[in-house]
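In: build me a structure from this.
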Amino acid sequence: MVRPKCEEAVAAYKVERSKHINKDPALARACKDDAAKFCKSVSDTSTPGSVLICLRGNQKKLTTQCQGEILRTQAEIAEDWRLDPQLYSACSASAAKLCADAEPGTEVDCLLAASTSLDWTCLGHVVRVEKEAAGDIRLNMRLFRACVNDQKKFCKGVEPGHMRVQECLEDAMDKAGFLAGIPVASPATLCCVKHECLEDAMDKAGFSGGCKAVLEEVIAMRVADFRLDTGLLDACEDDLATTCSTNVEKMEKSKEEKERAMACLQQFKEELASDACRDKVHRKMQRMSRDIRFDDVLANACQADRKSYCPDVQPGSARVIRCLQDHRSSLSHTCAAALFDHEVKMAEDIDFKYPTRKACAWEISNFCKNIPHGHARVIRCLQSRLDDEDMSPECKAEVSRLDDEDMSPECKAEVVRDQNRMAQDYRLNWRLKTACKADIGSLCAGLCNDKEGQMCGGVVLQCLQDKQDNITSPACSEEVFYYQLMEVTDFRNDVILAEACRGDVDKYCKDVQPGEGRVHTCLRHSMNFLSPACAREEAKLQALEFRDIRLKPKLAKVCSEERAVYCKDVKPGKARVITCLDVKPGKARVITCLVEAMAQPNFGAECRAELQQRQSAVKNDYRYDIGVMTGCRDDIEAFCAEEKTKLRGNATVLRCLVANFDKTGESCQAEMSRAVRFALWDYTAGQALTRECDADVDAFCPKHVYSLVAQTQLTRECDADVDAFCPKGAKARPGGMFTIGAVGRCLSKALVQAKSLAPKCRQLVLVAAPKDSRVYLRYPESTSALITKIAELQRAAGLEAVLVDPYRRDGGSVTVTGWVALACIVSLILVSVGGVVMLARRLSGADKPHTHYVKSGDA
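Out: Numbering: from 1, shown residues only. You can find the predicted model right below:
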């Protein structure tokens with residue numbers, strides 16, 4: 001054992017040797033050429049230790065032998081700070097005052113922690129030493145001693161230098177942090193993080209608390225002074241110049257320039273030329289999401305708020321950030337703005353959403369293991385697992401069996417929370433913000449101040465929804481649709497509706513669990529009692545749902561099989577699938593007596609009931625019919641502006657459009673004809689749109705024609721009535737239903753037969769008629785008068801029942817009978833035979849054209 005006096009003598013010798021490079025023969029020989037090349041302007045004689053400081057400042061340019069000797073001297077300084085003459089000279093008085101109790105080798109760390117109390121000269125030397133030693137864990141004695149066992153456990157083969165060991169330890173600490181939060185529900189619950197069993201991973205991830213504490217302090221120091229983050233500065237030197245138009249020297253002179261440069265690297269991370277720089281920036285943002293101390297902008301802005309609202313919350317695992325989020329409404333403007341900017345930056349990658357990544361570690365490794373991180377891809381993967389409506393119960397059961405279990409409650413809660421937050425501002429939805437950048441600029445410009453810290457609420461998202469038919473980017477349309485899917489699933493994802501309905505939800509739906517559209521359903525059951533603002537927003541959302549079957553979770557679910565059978569080639573959107581289910585072109589023949597459009601063989605009763613419920617709403621409010629809403633937009637403003645203000649689900653606007661049908665445009669006429677035709681086909685007494693025809697239906701249509709229409713199912717008990725009342729051939733083949741078009745046909749027939757329909761009912765029937773037959777139906781009296789006149793003439797000539805029969809049931813046509821009918825048949829036969837003969841002659845060449853020449857003159 002070396003005696004204390006000997007140790008003191010050796011230490012004194014090293015101190016004296018450090019003052020002049022020539023007193024260290026090994027260093028002088030190894031660095032002779034480098035000193036002459038890089039440090040010829042400095043002298044240890046005038047300024048002790050200046051040559052060694054110069055060489056350390058140019059370390060990357062030195063020869064390998066010189067670098068080795070420089071590293072030795074740095075390791076000696078890490079153990080005894082007196083071996084840096086200039087540092088010791090500048091800071092000895094401060095150290096005696098501030099760090100008297102510091103352990104040997106930790107004096108520099110102590111001085112750095114007390115940096116606000118140091119004079120500029122001392123602080124400059126402390127930062128210089130820390131910067132020189134930052135890349136190698138061996139040069140930070142406090143960190144090295146605290147993490148020696150963790151380094152052996154997690155980073156055994158990692159070569160020190162260039163921040164490699166520190167980053168390895170940081171990754172191990174991060175992994176241990178979120179693995180510790182995974183519940184082990186059963187022995188079968190395996191967490192395949194890097195294909196390891198959960199229990200094994202937990203055993204291997206036992207990161208020591210001492211190393212964690214010191215490592216986090218070191219990271220916080222690097223964040224507080226960017227000069228200490230040598231790994232990022234070295235990797236991003238070129239990108240700082242080319243992408244951010246700055247350099248380290250400018251950043252050192254101005255705090256604002258430093259903050260701008262760091263924000264630039266984060267904002268343009270994807271555009272950085274250097275892969276190493278992108279990796280360093282990504283790692284920095286990961287740290288920022290995990291601990292408020294690692295985001296200096298947020299930490300400084302929220303210092304007072306943190307003391308007020310989160311005084312007992314320990315930093316780490318995003319706990320302080322989560323606490324500030326929970327008190328968002330009470331935060332100062334500066335803190336709230338900084339928090340919002342932080343969230344916008346972190347929206348792009350699951351790696352930057354620490355609570356979600358921790359809660360969903362198992363789900364990410366199982367459900368999303370092949371999905372690259374970044375561009376919010378894993379976030380979307382997790383969201384899609386919340387409720388996959390397109391997946392059949394059998395498939396869900398099989399997937400669940402293969403995956404061992406579905407999404408955990410902890411993960412589901414985090415994903416839902418993240419969704420709710422994304423709906424607060426479009427910039428928090430990275431995928432939508434990126435995909436819709438151009439469309440927002442063209443369609444929603446000026447709605448929101450896009451400056452940092454300024455929140456838009458839901459105005460831009462609402463604008464994109466209102467103008468979705470004008471969106472030019474397919475990617476943007478898809479993201480807007482996904483946002484709409486979030487809205488109809490959870491009312492909290494529509495920030496404007498959620499605010500408008502806050503009191504109504506508390507009053508009528510306080511016990512309803514949000515999700516799967518349950519709160520929306522509850523509110524609509526109380527539609528007549530809602531506040532005007534809430535009723536307006538719910539009606540707007542309900543109209544949006546009618547555009548696309550996928551936005552009606554229950555309808556999409558119960559009609560999934562019918563959609564696959566009857567509409568497999570129909571693209572969702574603009575009510576195309578729903579229209580397909582209502583009427584399948586080419587296949588919706590009159591095959592039944594009571595149900596036509598929805599009466600396909602084996603059409604599910606649940607789907608039919610949901611569709612009829614939908615049609616009932618469509619018949620009462622034009623906003624639920626996307627065709628009328630878009631095709632008649634200008635006509636509504638022109639002819640029905642007053643009626644538009646009186647919307648109460650009573651078909652006010654639809655009735656107005658019917659009354660002004662002849663004045664409307666061609667596209668509106670086509671959509672209104674379809675809408676009214678559906679209303680008459682699916683007639684129910686008392687409906688607002690068709691009630692003008694109630695008396696005419698009673699007068700002209702047999703009771704049995706429509707009495708079964710209101711039923712959603714027909715049973716075997718109806719068979720006798722069908723045989724008695726339905727025309728021959730109307731009965732469907734086995735499994736079929738009956739047409740719902742009976743009332744529509746009955747009223748059309750009454751109009752053709754010139755029966756006296758009520759004026760408004762007559763107008764409805766005319767609107768519902770196809771365009772090419774509308775003129776004929778408009779003046780049916782001319783045809784009826786012609787038939788009657790011919791009948792009178794034949795009776796006067798004594799030709800009773802020879803020419804026409806005006807009493808036939810289908811009196812809208814001319815019927816020939818008796819000898820006249822026989823003459824017609826004979827004429828038809830003669831014409832047919834003549835046509836066949838002419839065709840045969842042409843084909844045989846007998847009627848080929850020819851020219852006749854005549855020659856005259858002498859023989």
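In: skipping adjacent residues, who's closest to Ser526 in space?
Out: Nearest non-adjacent residue to Ser526, counting by C-beta to C-beta, 6 or more residues apart in numbering: Tyr508, 4.5 Å away. For glycine as for every other residue, the C-beta is placed from the backbone atoms N, C-alpha and C.
In: if I look at the one you found, how far off is His342?
Out: Separation of Tyr508 from His342 (C-beta to C-beta, to the nearest Å): 36 Å.
In: more crowded one of those two?
Out: Taking neighbours as other C-beta atoms under 10 Å, Tyr508 and His342 compare with His342 leading, 23 against 18.
In: what strand or helix carries the closest residue in space to the more buried one that isn't next to it in sequence?
Out: Nearest residue to His342, sequence neighbours excluded (C-beta to C-beta, 6+ apart): Leu298, at 5.0 Å. Using DSSP states H and E, Leu298 sits within helix 296-301.
In: contacts for the following helix or strand past that helix next, please.
Out: Per DSSP H and E, the first helix or strand lying C-terminal to helix 296-301 is helix 303-309. With C-beta atoms under 8 Å, 6 or more residues apart in numbering as the test, helix 303-309 has contacts from Ile292, Ala299, Val320, Cys323, Leu324, His327, Ser330, Leu331, Ser332, Cys335.
In: now stretch 319-334, how far from the centre of its chain.
Out: Distance of stretch 319-334 from its chain centroid, counting by C-alpha atoms, centre = their mean, to the nearest Å, is 25 Å.
In: for that stretch, buried residues please.
Out: Within stretch 319-334, the residues that qualify as buried are Arg319, Val320, Ile321, Cys323, Leu324, Gln325, His327, Leu331, counting by 16 or more other C-beta atoms under 10 Å.
In: as CSV, these with secondary structure, distance to Ala564 and pLDDT would be great.
Out: Listed next are those as CSV, based on DSSP: H, G, I helix; E, B strand; the rest coil; distance: C-beta to C-beta, whole Å; pLDDT from 0 to 100:
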residue, secondary structure, distance to Ala564, pLDDT
Arg319, helix, 48, 91
Val320, helix, 50, 93
Ile321, helix, 45, 93
Cys323, helix, 48, 94
Leu324, helix, 48, 93
Gln325, helix, 43, 91
His327, coil, 49, 91
Leu331, coil, 50, 91
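In: and of the residues you listed, the nearest to Ala263?
Out: Ile321 (18.0 Å; C-beta to C-beta).
In: for Asp490, which residues are in contact?
Out: Contacts of Asp490 by C-beta under 8 Å, 6+ apart are Val416, Gln419, Asn420, Pro514, Gly515, Val519.
In: show me the two of those that sit farthest apart.
Out: Gln419 and Val519 (14.3 Å).
In: where does pLDDT dip in the stretch 251-400 of the chain?
Out: Along the stretch 251-400 of the chain, the model assigns pLDDT under 70 to residues 387-400.
In: helices of that one, start to end?
Out: Counting by DSSP state H, counting those that start in this stretch, the stretch 251-400 of the chain has helices at residues 255-267, 275-290, 296-301, 303-309, 319-326, 333-346, 354-359, 361-367, 377-384, 393-403.
In: the host helix or strand of Asp506 - what's its average pLDDT?
Out: Here Asp506 sits within helix 502-508, counting by DSSP H and E. Helix 502-508 shows a mean pLDDT of 91.
In: with just CA atoms, put that helix into CSV.
Out: The C-alpha trace of helix 502-508 is given here as CSV (Å, rounded to 0.1, in the frame of the first residue of the first chain):
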residue,chain,number,x,y,z
ARG,A,502,-70.8,19.3,-22.3
GLY,A,503,-73.8,20.1,-20.2
ASP,A,504,-76.1,17.8,-22.2
VAL,A,505,-73.8,14.9,-21.7
ASP,A,506,-73.7,15.5,-18.0
LYS,A,507,-77.5,15.8,-17.9
TYR,A,508,-78.6,12.9,-20.1
